[in-house]
Each structure stands twice: as structure tokens, then as C-alpha cells.
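[1] fold the following and give me the result.
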Amino acid sequence: MPRLFTALEIPADVAEQLSMLRGGLPGARWISPEFYHVTLRFIGDVDHVVARDAAAALDEIDRFGFDLTLSGVDQFGNHKPHSIFVGVKANQALNELQAEHERAMKRIGLPPETRNFRPHVTLARLRDAAPRQVADYLALRGYFRTPTFQVSRFVLYSSRDSVGGGPYRVEAAYPLM
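    As a prediction, this is how the structure comes out:
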């Protein structure tokens, strides 16, 4: 059974800038730059019939490309941090694309996503990281920002059932107009 999700790829030059944020935080398992992405819709572990239906539904999405900027370093987990990420500057076109993915997956019978969409690029997963050390790391890097880049396609990724962070394989790519 493939584990699938849709995402935006991060250009190599932007990934290189993000990789400069790696290090300086004990307990962090850093994601390889080639696996950086912005998840649009987690599909999950599905059989090959659902995978085919998902790919076909995504092929029907007809949207324009748009510009994207990554901005701000933060953490998920509040008092028990579990990951470090770079946020995405507010973007209406991105929100509309993600909503279209959600509608497409509902049309093929998948349950709705229960989590609110908070676009980001995960940099590290944390294991037993001290909240104070995480706060210090964020204080030094919180105002990080990338140059704006063009989003010209989205992809359907597959991944191993693991603890996250890759490896990911592009199963299909869908150009934006």
C-alpha cells in the first residue's frame, strides 16, 4: 500500500538557504534538503485503486502558478516541541490550491482532513529537545526569510511508512498554468 501526499517542491537554491538553518540544536534529526516540501494534502496509506483515483482527481485541478515566500522559523509542540519548521508567508493562491486538493480527495471518498492547513517546511524532528534550547534556537533564527520563488507545479509523493523526513518519491507532477 502506498503512503501518499500532495506537496509543493522547494527549489534547490531555496533548499540550500534552508539547509543553513541546520545544526545548533541537540535532539534534532535534520531533514535532508532534497526532501524539503510544503504539504498540501496528506492522503495516507491507500490501496492501488484509491491511489489511481487520487492521481486522476489531481489531474483535473486547473490552477495558475503563483509566487511563494518562506518566512519565520518556529516549532510545533508548544511546551514539548516535536519539530522545527519554516513558515509560509500568507498566500491566497496557495490556500485556494490546498482547498482544491481537499475537495478532490473528498470527491473520491477520502475522509476530510481534520487538521487546519498551516503551510510550512519541516526542517527537523525533535526527540527530547529541551524547550529552553528550542527557544534559544528560534530566538536566533526566527526572522529568517527566503526570496520569493515561482510555484509552477505540485506533485504527488509517495513515502515509506516511517518516522517522517523521507525518502520521498515523485509519483506524478501536475503543472500549474
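[2] and for Y36, the neighbour number?
    Burial measure for Y36: 26 neighbouring residues, criterion other Cβ atoms under 10 Å. Every C-beta, even on glycine, is put in place using the N, C-alpha and C of the backbone.
[3] how many neighbouring residues does the closest residue in space to it that isn't next to it in sequence have?
    With Cβ to Cβ, 6 or more residues apart in numbering as the criterion, Y36 has its nearest non-adjacent residue at 4.2 Å, and that residue is I10. Other residues near I10 number 24, with proximity taken as other Cβ under 10 Å.
[4] hmm, what's the outermost residue in this structure?
    Seen from the C-alpha centroid of the chain, the residue lying at the greatest distance (Cα atoms, centre = their mean) is R132, 25.8 Å away.
[5] please look at L4 and D47 and confirm they touch.
    No: between L4 and D47 there is no contact, the gap being 10.9 Å when judged by Cβ atoms under 8 Å.
[6] check contacts around the residue nearest to Y36.
    Taking Cβ atoms under 8 Å, 6 or more residues apart in numbering as the contact definition, I10 lies against L18, Y36, H37, V38, L70, V121.
[7] please enumerate the helices of the protein.
    For the chain, the helices identified by DSSP state H occupy 12-19, 48-59, 92-107, 131-141, in order along the chain.
[8] output the ones you listed as TSV; include the columns distance to N78.
    Output for the helices of the chain, formatted as TSV (distance: least, Cβ to Cβ, whole Å):
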stretch	distance to N78
helix 12-19	23
helix 48-59	32
helix 92-107	24
helix 131-141	9
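[9] can you get me a residue count around P131?
    14.
[10] what's the distance between the nearest residue to G27 once chain neighbours are set aside and L70?
    Leaving aside its sequence neighbours, G27 sits nearest to A129 (Cβ to Cβ, 6+ apart; 3.6 Å). For A129, the distance to L70 under the criterion Cβ to Cβ, to the nearest Å works out to 22 Å.
[11] S159 against F5, yeah?
    Yes: counting by Cβ under 8 Å, S159 sits close enough to F5 to count as a contact (7.2 Å).
[12] pretty sure D53 sits against L110.
    No: contact status for D53 versus L110: not in contact, 9.1 Å apart, counting by Cβ under 8 Å.
[13] right, and P119 touches L94 too?
    Yes: if you go by Cβ under 8 Å, P119 and L94 touch, sitting 6.1 Å apart.
[14] ok, the closest residue to H48 other than its chain neighbours to Y36 distance?
    If you skip the residues right next to it in sequence, H48 has P2 as its closest partner in space, 7.4 Å away by Cβ to Cβ, 6+ apart. Taken as Cβ to Cβ, the spacing of P2 relative to Y36 amounts to 21 Å.
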